[in-house]
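J.: Here's my sequence, what's the structure:
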Amino acid sequence: MTSIRSSLRIARRLRSAPRHALLAAALAALGGCTVLQTYLPEPRSFGVYKLDINQGNYLSQDMVDRLRVGQTRQQVRLILGTPLVASPFHANRWDYVYEFKRQGQQLEHRTFAVYFVDDKLARWEGDEMPPSVMDLNRAAANRSLGYMPSADDKGFLGRFLDIFRSP
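T.: Predicted structure coming up:
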């Protein structure tokens, strides 16, 4: 009786062996494919949490819009903050660099430089800056809330009661 059971187990294993071999071959063939890298986490990332890292000076478009030619270094520092890079070899240039990394992958990298002539702001250049945080919050509120009622709005009940009040 036991020999019949063992022979049935062996037969089942032999029938499923080609399926396992086919699955292993398919996984080996897709191993170099970017589909696996895109949708499956890397094995080395299991159990390891990587912090989101903001480095440098976060500048927004409203900060850049406040710059004017002829401003002093102190005025520029008040608007943009202390530069990340102030090289002694380029005393008339301040560099503002910003990087954002999530899970070890760099998602954003922006650079911005201001140039001085005779300690007055002469020009600036750099990557396109994101909108201000206030504009982003306003846009998000409009998307999520839709219509924002004012203080004068009577609401549904007030409009309903006005129907009966009017002669």
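J.: what's near enough to touch L121?
T.: Counting by CB atoms under 8 Å, 6 or more residues apart in numbering, L121 makes contact with 67-73, 75-76, 114-115. The way it works is simple: take the backbone N, C-alpha and C, and place the C-beta from them, glycine included.
J.: one more time with 6 Å, if that's ok
T.: Neighbouring residues of L121 by CB atoms under 6 Å, 6 or more residues apart in numbering: 69, 71, 76.
J.: Surely G104 is in contact with K50?
T.: Yes - shown here, G104 and K50 form a contact pair, counting by CB atoms under 6 Å, at 4.9 Å.
J.: What is the least confident helix or strand in this structure?
T.: Considering only helices and strands, the least confidently modelled element of the chain by mean pLDDT, DSSP states H and E is helix 34-39, at a mean of 60.
J.: Quick check: next helix or strand after that one?
T.: Proceeding N to C from helix 34-39, the next assigned helix or strand is strand 53-56, under DSSP states H and E.
J.: Show me what that next one is packed against.
T.: In terms of contacts (3 or more CB pairs under 6 Å, 6 or more residues apart in numbering; DSSP states H and E), strand 53-56 is packed against strand 93-102.
J.: Done for today, thanks.
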